[in-house]
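In: The following comprises the amino acid sequence and a computationally predicted model.
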Amino acid sequence: MDWGISRGFSLLCSIVITTSCLVKENQEGVHLDCRFNGMTSLNGQPTGKGASVDLSHSGISAPPDSPETGLVDSKFTNLSYNLLKTLIENAFLGLQQLQTLDLSHNRVSAIQNKTFVGLTSLRTLRLGFNRLREVMAEVFYGLDQLTTLQLNHNELSVIENNTFDGLTSLQRLNLQSNTILTLEVQAFKGLSALTVLDLSGNKLRYKHSSLPERVFAALRSLQELYIQDNNQDGIGDYPTNVFNDLAALKRLSIDSFHDVYFGADFAQLQSLQNLDIDSNCRIGRLQNKSFDGLKSTCLQSIRIIHCTRLFNIEAVYVDEDDDSVHLAQCVEHLDVSMNQIRGNGLGLLGVLPRFKSLKSLRIQLVS
């Protein structure tokens, strides 16, 4: 279909356009491209029903004064790259068919309670790259169909108890690259359907004041946890009773210490398939005991890279009398490249024949 420029007329789908937009119509409905239209407020923007509306890069700094002067009730609304600072209560009331709302790359520092009331069909909410310092417990009230929430690249320092309670359908939560120092023990209460959690690039410390015991207890469905690029000082050990509730976890990306040790608290990760240590890696050596807690876990992929202090790797579980599933027996992909391993220090070479399932191997030796 051809695009056309429309101003001040009604379409068959009851969209009223009072500003310049490119219009396209297909089987899904009417799509409006209203980027770069120079409007500073959502008042006077297109209203009615449509398939999508793109209002990005438009200099919008104020939400609508009332639902009646609001937005097209589309399935996808893009308000990214604007100048929005505060999202007020009931700002999006009436947008009952909206499934994706993009508010990323604005200047949002405050979201009032019940801002998103009425968005009964919303599946994806993008709030990344803003200036949020806190998120109150009732901000996401009513979003029981939401499956993806992006809060990455903000200024959050604490995730308080019950922040996400009520988001019973949420599957993906992105909290990457904030300044999170503390997770309260009930921070993830109610997220029974969550499968992916990204906490990478924050200021979490591997101790109970930052990661309290059983902080992930509610995440019974979690399959992927990204918690790397935290714990910048590299001091301590993995805190007890933090990861042992994650029985469904398949991928774990995590920071490390000089003498890394995955102990008893990791023994419950029976579903774990991928272990990644590729950011803020402080491992000085890998020993047999390093993986004690994962001894009966059938890991398929181990990735330990960018460890500037890793000079030596010892043999991993080669005890002939050990009846448990050896780590080496399941591994299909092994990556220990981009470290400082010496040519005569790779004890792993001596046991590579035990990696019966190995499909790919990356080793980089330093002379």
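Out: That came through, no problem.

In: Listing request: residues of the stretch 201-350 of the chain with sub-threshold pLDDT.
Out: Where the stretch 201-350 of the chain drops to pLDDT under 70, the residues are 288, 314-327, 342-350.

In: Do you have the strands of the stretch 101-250 of the chain handy? List them.
Out: Here the stretch 101-250 of the chain has its strands, by DSSP state E, counting those that start in this stretch, at 110-111, 124-126, 148-150, 158-159, 172-174, 182-183, 196-198, 224-226.

In: These: which one's closest to residue 232?
Out: For the strands of the stretch 101-250 of the chain, the distance to residue 232 is smallest for strand 182-183, at 15.3 Å, taking CB to CB. C-beta: built from backbone N, CA, C; applies to glycine.

In: okay, the strands of the stretch 101-250 of the chain in a markdown table with mean neighbour count and distance to residue 287 next?
Out: Below are the strands of the stretch 101-250 of the chain laid out as a markdown table (neighbours: other CB atoms under 10 Å; distance: least, CB to CB, whole Å):
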| stretch | mean neighbour count | distance to residue 287 |
| --- | --- | --- |
| strand 110-111 | 20 | 48 |
| strand 124-126 | 20 | 43 |
| strand 148-150 | 21 | 39 |
| strand 158-159 | 20 | 35 |
| strand 172-174 | 21 | 35 |
| strand 182-183 | 20 | 30 |
| strand 196-198 | 21 | 30 |
| strand 224-226 | 20 | 24 |
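
In: Dump those strands into JSON lines; add distance to residue 213 as well.
Out: Converted to JSON lines, those look like this (distance: least, CB to CB, whole Å):
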{"stretch": "strand 110-111", "distance to residue 213": "30"}
{"stretch": "strand 124-126", "distance to residue 213": "30"}
{"stretch": "strand 148-150", "distance to residue 213": "25"}
{"stretch": "strand 158-159", "distance to residue 213": "16"}
{"stretch": "strand 172-174", "distance to residue 213": "21"}
{"stretch": "strand 182-183", "distance to residue 213": "11"}
{"stretch": "strand 196-198", "distance to residue 213": "17"}
{"stretch": "strand 224-226", "distance to residue 213": "16"}
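
In: Of all those, which one is nearest residue 27?
Out: Residue 27 lies closest, by CB to CB, to one member of those: strand 124-126, at 21.5 Å.

In: Out of the strands of the stretch 101-250 of the chain, which gets nearest to residue 279?
Out: Closest among the strands of the stretch 101-250 of the chain, using CB to CB: strand 224-226, at 9.4 Å.

In: Tell me where the chain has helices.
Out: Taking DSSP state H, the helices of the chain run over residues 327-330.

In: My guess is residue 116 contacts residue 141. True?
Out: Yes: taking CB atoms under 8 Å as the definition, residue 116 is a contact partner of residue 141 at 7.3 Å.

In: Show me which of these two is the more surrounded one.
Out: Remark: of residue 116 and residue 141, residue 116 carries more neighbours, 25 against 16, as counted by other CB atoms under 10 Å.

In: residues in contact with that one?
Out: 91-92, 101, 122, 125, 139-143 (CB atoms under 8 Å, 6 or more residues apart in numbering).

In: Determine which two of those are furthest apart.
Out: Spatially, the most separated pair among those is 101 and 141, at 15.1 Å (CB to CB).

In: burial count for residue 26?
Out: Using other CB under 10 Å, residue 26 has 9 other residues around it.

In: In the sheet, which residues pair with it? Tell me.
Out: residue 29 (DSSP bridges).

In: Alright, I will stop here.
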